[in-house]
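Enquirer: My questions are about this predicted structure, shown below with the sequence.
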Amino acid sequence: MSDWLGIDFGTSNSAAAYVEDGTVKRIRLDRESDTVPTAVFFPLEEKSMAVGSVANEALIDRLEGRYMRSLKRVLGTPLMAERRTILDRKMDFYDIVAAFLKIIKQRSEEQAGRRFDKVVAGRPVLFDSRNADIDARAASDLERCYRMAGFDDIVFLPEPEAAALSVTGAIDTDALGVVVDIGGGTSDFTAFKKSGGGIDLAASHGVQLGGTDFDRALNLKFIMPCLGHGHSIRHGMGGETITAPNAIFQDLATWEKIHMLYTGKTLTLAKGLVRDAVEPDIFQRLHHTIDWQLGHEIAFLAERSKIASNSAAGPVEIDLKLLETGLSVGMNPADIETVFSGFTDTLSETLDDTLTRAKVSRDAVSHVVPVGGASLMRLVRSATSRVVPAASMVETEIFTAVVDGLAMHGEALA
Ligand SMILES: Nc1ncnc2c1ncn2[C@@H]1O[C@H](COP(=O)(O)OP(=O)(O)OP(=O)(O)O)[C@@H](O)[C@H]1O
Ligand SMILES: [Mg+2]
């Protein structure tokens, strides 16, 4: 039995697994599920943190407290060290991420009936593809969180490389494959060759772009305008108008920033916008959203509409009755395609770059290994077929291929 626990701490979902008698055993981290939503909820009245679907239900039931999702996106940023009062004590994001990882450790130990002090931790190829300092800080932040959670030995493995390890059975020897791991926060690629005993890695590359960015783009384009985004406010004495400030809408559409808007200061800002608005009724919805803390519910609406539109042939209607009775907004396929076109380009360019780094020609790739929830998006399939049109798709367990590979790597270390 391996001493190592594999943990895939994901932007949207996390998972844990280990190897016993040569077989990968996944931990049921959330009720009957092998994955747990990377979400936390701090109730106002109690002293304990809820995670996963319990946290999501607390949000849906509108319990009083603080909900957070997409914690991984905060790694490496100055927000990590900002202390705020939660559960009657000052906590920062190190404490919150460590507490989440500690719950994964405890649930794993309870189910496996043993201690895990060593972890093979997944990490994106690049936490931040634009800033090397933030990228390095994110990795050291995550390591610190694992240490705070009680792990003594921490080995990092890029998530797409772990996924490649877990699919070797599905690919012929000498075949060239490329893992396309599109998660909530990052898109990662690994080009690899199946060799006799395992895999030879050719190159990995990644970009900070994922399903939460797709949610955000749809939210800003279709929902936020119903709250005032892009609308005019009066400015100055002469009846001049300007466009309302952008930042509040950007933050409201960004999963990891939403909870930071629930302050007296933001509420005052929203009140001021209602007062100055050319169309106050529209900005009243923004005030209502901040006052009633509806930002995450709106983000979930954007996410659900994204998934619905991905398999719909025609327009998709977003029901916004939580803002106003009878309010809804339509998304038509052509507008969605415009919103996503830059993402498709970025993904195909990053995949192309990966093959260049691997010194592999496009024609030589015979298999694409899709991993991560957002790999189900049509835009990802278009980006992939633009670069490697002839490659065949390998069927994978899209939400757990990474954690399986992390556990397998742990077994090799033991
Ligand atoms: N059926 C679907 N169609 C399109 N997107 C989906 C579908 N199901 C889930 N997603 C999206 O997949 C993303 C989550 O995928 P996943 O759980 O693989 O990410 P993650 O591993 O947590 O993130 P990362 O690896 O980037 O840190 C979310 O943005 C979610 O909206
Ligand atoms: Mg992932």
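Expert: That came through, no problem. Bear in mind that the values here come from a model prediction, so they are computed numbers and not experimental data. Ligands and ions are numbered 1, 2, ... in the order given.
Enquirer: From now on I want contacts and neighbour counts done on CA atoms only, so please keep to that.
Expert: Will do.
Enquirer: what helix or strand does residue 403 sit in?
Expert: Using DSSP states H and E, residue 403 maps to helix 401-413.
Enquirer: Tell me if that helix is near ligand 1.
Expert: No. Helix 401-413 lies apart from ligand 1 when judged by C-alpha under 6 Å from any ligand atom; the minimum separation is 8.3 Å.
Enquirer: Any buried residues in that helix, and which?
Expert: Going by neighbour count (16 or more other C-alpha atoms under 10 Å), the buried part of helix 401-413 is 401-411.
Enquirer: how distant is that helix from the center of its chain?
Expert: 21 Å (C-alpha atoms, centre = their mean, to the nearest Å).
Enquirer: go on, stretch 189-196?
Expert: Once both centres are worked out by C-alpha atoms, centre = their mean, stretch 189-196 turns out to sit 25 Å from its chain's centre.
Enquirer: Mean confidence (pLDDT) on it, please.
Expert: Average pLDDT, stretch 189-196: 92.
Enquirer: And for that stretch, what's in contact with it?
Expert: For stretch 189-196, the surrounding residues in contact (C-alpha atoms under 8 Å, 6 or more residues apart in numbering) are 160-161, 164, 168, 171-181, 199-206, 350-351, 354-355, 358.
Enquirer: Only whichever of these are buried, select them in PyMOL.
Expert: A single PyMOL command selects the buried members of the contacts of stretch 189-196 (16+ other C-alpha under 10 Å):
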select buried, resi 160+161+164+168+171+176+177+178+179+180+181+199+200+201+202+203+204+205+206+350+351+354+355+358
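Enquirer: Any buried residues in the helix ranked longest in the chain, and which?
Expert: Looking across the chain with DSSP state H, the single longest helix is helix 333-358. Residues 333, 336, 339-340, 343-345, 347-355, 358 are the ones in helix 333-358 that count as buried (16+ other C-alpha under 10 Å).
Enquirer: ok so, going back, nearest to residue 109 among the buried residues of helix 401-413?
Expert: residue 407 (14.4 Å; C-alpha to C-alpha).
Enquirer: For the closest one, give me the pLDDT.
Expert: The confidence metric pLDDT takes the value 98 at residue 407.
Enquirer: Show me what the worst-scoring helix or strand of the chain on mean pLDDT is packed against.
Expert: Among the helices and strands of the chain, strand 84-86 carries the lowest confidence by mean pLDDT, DSSP states H and E, at a mean of 82. Applying 3 or more C-alpha pairs under 8 Å, 6 or more residues apart in numbering; DSSP states H and E, one finds that strand 84-86 contacts strand 89-91.
Enquirer: Can you list the strands that the strand it packs on pairs with?
Expert: Sheet pairing for strand 89-91, assigned by DSSP bridges, gives strand 84-86 (antiparallel).
Enquirer: tell me which residues in the strand it pairs with are buried?
Expert: For strand 84-86, burial by neighbour count (16+ other C-alpha under 10 Å) applies to residue 86.
Enquirer: For it, which outside residues touch it?
Expert: 42, 90-92.
Enquirer: so which of these is the most crowded?
Expert: Using other C-alpha atoms under 10 Å as the neighbour criterion, residue 42 leads these with 21 neighbours.
Enquirer: Can you show me the helices along this protein?
Expert: Along the chain, counting by DSSP H, helices occupy 52-60, 93-112, 132-148, 159-166, 211-218, 247-252, 264-276, 280-291, 295-311, 333-358, 378-387, 401-413.
Enquirer: Please work out which of those is packed deepest.
Expert: Among these, helix 159-166 has the highest mean neighbour count (mean count of other C-alpha atoms under 10 Å), at a mean of 28.
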